[in-house]
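Q: Provide a 3D model corresponding to the input given below.
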Amino acid sequence: MFKPHQKTRFLFVLLCALCGHHSIAADRPNVLLILADDLKPSFGAYGDTWVHSPNLDRLAASGMRFDMAYCNQAVCAPSRNNLLTGARSTSLGVYSLGYNFRRAVPNAVTMPQYFKQHGYHSAGIGKVFHIGHGNVGDNASWSVPFLPDKVIDYVLPESTDGQMTREEALFGNKPANGLPRGAAWEAADVDDGAYADGRIAAEGIKRLQAYKTSEQPFFLALGFTKPHLPFCAPKKYWDLYDAREMKLARVTEPPAGAPKYAGKTIGELNQYKPVPDEPPLTEEMTRTLIHGYYAALSYMDAQVGRVLDEVERLDLNENTIIVLWGDHGYHLGDHGMWTKHTNYEQANRIPIIISAPGVTKTNSSSRALVETVDIYPTLCELAGLPAPAGPQPIDGKSIVSILKNPAASVRDHAYHCFPRGNRLGRAIRTDRYRLVEWKPWDADSGEIEYELYDYESDPLETTNLATAKPDIVAQLKRLLASHPDAQPVRQ
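A: Now for the predicted structure:
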């Protein structure tokens with residue numbers, strides 16, 4: 001005989017079974033979201049076959065590679081806000097590292113939070129939301145406490161002068177005045193687990209093993225920290241390359257005719273030793289930095305490979321959607337610029353790879369224009385969830401139609417921005433052109449200036465063509481005007 005509480009539970013379980021709730025949850029695909037920090041589309045799958053990236057390449061071979069994918073702002077925290085809320089920076093009014101998106105939209109429903117609301121176990125490890133520089137994580141997004149790890153991570157005492165560094169303090173939301181700069185690179189002869197990405201992979205593997213025995217679908221976000229500065233990776237990954245063979249930028253000057261404020265030089269890079277405060281860099285240092293970027297990329301690639309191996313070993317691959325996303329591109333000396341923080345191609349073009357069992361074909365690719373904000377509604381559609389509806393603006397469009405048909409498209413341009421001083425640079429990228437509108441926040445404080453680049457005739461952005469091609473500027477301005485006015489910077 002059932003006791004009263006047992007009878008109630010039995011009837012509830014039976015009702016759920018008859019209504020199909022249990023089977024619906026069990027049949028829903030899992031989601032593995034892999035984030036890589038500062039990863040530009042410069043590895044084997046994107047044509048740079050000299051880069052040692054076998055695991056990123058095999059992930060691309062398992063699904064669809066997007067060749068014209070763009071972030072919505074080329075800096076870590078806002079770009080991650082764009083991904084996880086589906087809202088562009090110009091909709092949120094959040095353009096900086098230190099302003100939490102919930103101060104702008106307190107009741108926003110993030111992508112992991114939305115999956116959690118629909119019966120998924122939601123977990124995050126590593127660097128998913130930007131944490132540090134005054135910014136904090138987001139407890140509402142996760143079923144269990146988020147597990148962060150270090151972005152600034154050294155092994156050798158000489159890299160830090162035996163002290164906490166300025167950047168370590170800033171990422172830890174601690175006072176940084178008077179602290180030394182850490183090294184811009186480190187090649188210690190250590191195991192993979194000595195640095196954060198090795199630990200993130202190990203914890204991700206543990207979570208996958210636990211999910212294998214659970215009937216609840218999972219949304220697992222693994223935020224790998226490399227190839228973000230400092231370029232710290234085990235020596236064996238440095239040994240994959242020869243600094244003397246690193247490809248240097250062909251164009252090392254800003255575009256002719258571009259506003260001087262539109263670009264940058266070595267900001268962020270010069271927060272690390274022995275990089276000088278101002279350019280120029282020696283050729284030797286340039287080669288070492290590029291060497292370090294790709295050593296860190298290959299180290300991250302190996303950790304992604306460990307996770308992919310475990311997905312296959314556990315037979316989760318037939319019911320797990322896997323997405324690789326880089327938060328923005330990266331300058332490696334082109335135009336005399338380093339890192340990100342611009343509206344140029346190298347800072348804004350990103351890798352997006354999606355492997356969705358039963359939907360994507362192997363070794364497929366698309367030249368459709370897509371944006372970071374498109375991932376949120378896409379994953380919802382792939383998982384059979386209702387389209388997200390806010391309360392934050394949902395600027396993204398589902399690209400499932402492209403996953404099914406690489407010739408399809410959902411937009412005729414990508415949209416991104418970057419603020420510079422008292423101006424906001426709003427940009428659109430079509431399959432041929434990029435137009436950047438530099439507009440003062442205060443309409444009375446200066447004139448609007450434009451940049452125009454033609455990637456058919458000038459793929460390296462050597463010349464601003466805005467004055468030479470007024471008809472094209474007028475055409476693209478109409479596209480730009482189709483977007484709502486940008487929200488002002490929130491202080």
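Q: how much space between the most centrally placed residue in the chain and residue 152?
A: With distances taken as Cα atoms, centre = their mean, residue 327 lies nearest the centre of the chain, 1.7 Å away. Residue 327 sits 16 Å away from residue 152, taking Cβ to Cβ, to the nearest Å as the criterion. Just so you know, the C-beta spots here come from the backbone N, C-alpha and C atoms, and that holds for glycine as well.
Q: So, low pLDDT: which residues of the stretch 1-150 of the chain?
A: Applying pLDDT under 70 to the stretch 1-150 of the chain picks out residues 1-26.
Q: let's go with 90 and repeat that
A: For the stretch 1-150 of the chain, the stretches flagged by pLDDT under 90 are 1-27, 131-137.
Q: What of the stretch 301-450 of the chain?
A: Within the stretch 301-450 of the chain, the ranges that satisfy pLDDT under 90 run 390, 442-446.
Q: Could you pull out the helices in it for me?
A: Remark: helices assigned in the stretch 301-450 of the chain by DSSP state H, counting those that start in this stretch are 345-348, 375-382, 400-404.
Q: what about the second one, distance to the chain center?
A: Distance of helix 375-382 from its chain centroid, counting by Cα atoms, centre = their mean, to the nearest Å, is 16 Å.
Q: Now do it: which elements does it pack against?
A: Counting contacts by 3 or more Cβ pairs under 8 Å, 6 or more residues apart in numbering; DSSP states H and E, helix 375-382 packs against helix 76-85, helix 111-117, strand 320-326, helix 400-404.
Q: secondary structure element for residue 451?
A: Take DSSP states H and E as the rule and residue 451 turns out to sit in strand 449-454.
Q: residues making contact with that strand?
A: Strand 449-454 has contacts (Cβ atoms under 8 Å, 6 or more residues apart in numbering) with 255, 258-259, 262, 343, 345, 432-438, 461, 463-466, 469, 472-473, 476.
Q: Go ahead and build a ChimeraX selection from the buried members of these.
A: Buried members of the contacts of strand 449-454, identified by 16 or more other Cβ atoms under 10 Å, are gathered into one ChimeraX selection as follows:
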select :255,258,259,262,343,345,433,434,435,436,437,438,461,463,464,465,466,472,473,476
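Q: Could you tell me which of the contacts of strand 449-454 belong to strands?
A: 433-438 (DSSP state E).
Q: Format the residues you listed as TSV; extra columns: distance to residue 351.
A: Output for the ones in strands among the contacts of strand 449-454, formatted as TSV (distance: Cβ to Cβ, whole Å):
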residue	distance to residue 351
433	22
434	19
435	24
436	22
437	27
438	28
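Q: Closest one to residue 296 out of those residues, please.
A: Nearest to residue 296 among the ones in strands among the contacts of strand 449-454 is residue 434, at 28.2 Å by Cβ to Cβ.
Q: Please tell me how far the closest residue to the closest one other than its chain neighbours sits from residue 418.
A: Distances taken as Cβ to Cβ, 6 or more residues apart in numbering put residue 453 closest to residue 434, at 4.7 Å, once the chain neighbours are dropped. Distance of residue 453 to residue 418, given as Cβ to Cβ: 15 Å.
Q: Over to residue 35?
A: According to Cβ to Cβ, residue 35 and residue 418 sit 20 Å apart.
Q: out of the ones in strands among the contacts of strand 449-454, what pair is the most spread apart?
A: Largest separation among these by Cβ to Cβ: 433 and 438, giving 16.2 Å.
Q: if we can go back for a sec, next one: the strand holding residue 451 to chain centre, how far?
A: Relative to the centre of its chain, strand 449-454 is centred 25 Å away, using Cα atoms, centre = their mean.
Q: For that strand, output the C-alpha coordinates as CSV.
A: Only the C-alpha atoms of strand 449-454 are listed here, as CSV (Å, rounded to 0.1, in the frame of the first residue of the first chain):
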residue,chain,number,x,y,z
GLU,A,449,32.7,61.5,-39.9
TYR,A,450,32.6,58.4,-42.0
GLU,A,451,34.9,55.5,-42.9
LEU,A,452,34.2,53.3,-46.0
TYR,A,453,36.2,50.2,-46.9
ASP,A,454,35.8,48.1,-50.1
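Q: Contact partners for the closest residue to residue 117 other than its chain neighbours?
A: Using Cβ to Cβ, 6+ apart and skipping residues adjacent in sequence, the residue nearest residue 117 is residue 109, 7.3 Å away. By Cβ under 8 Å, 6+ apart, the residues touching residue 109 are 117, 388, 390-392.
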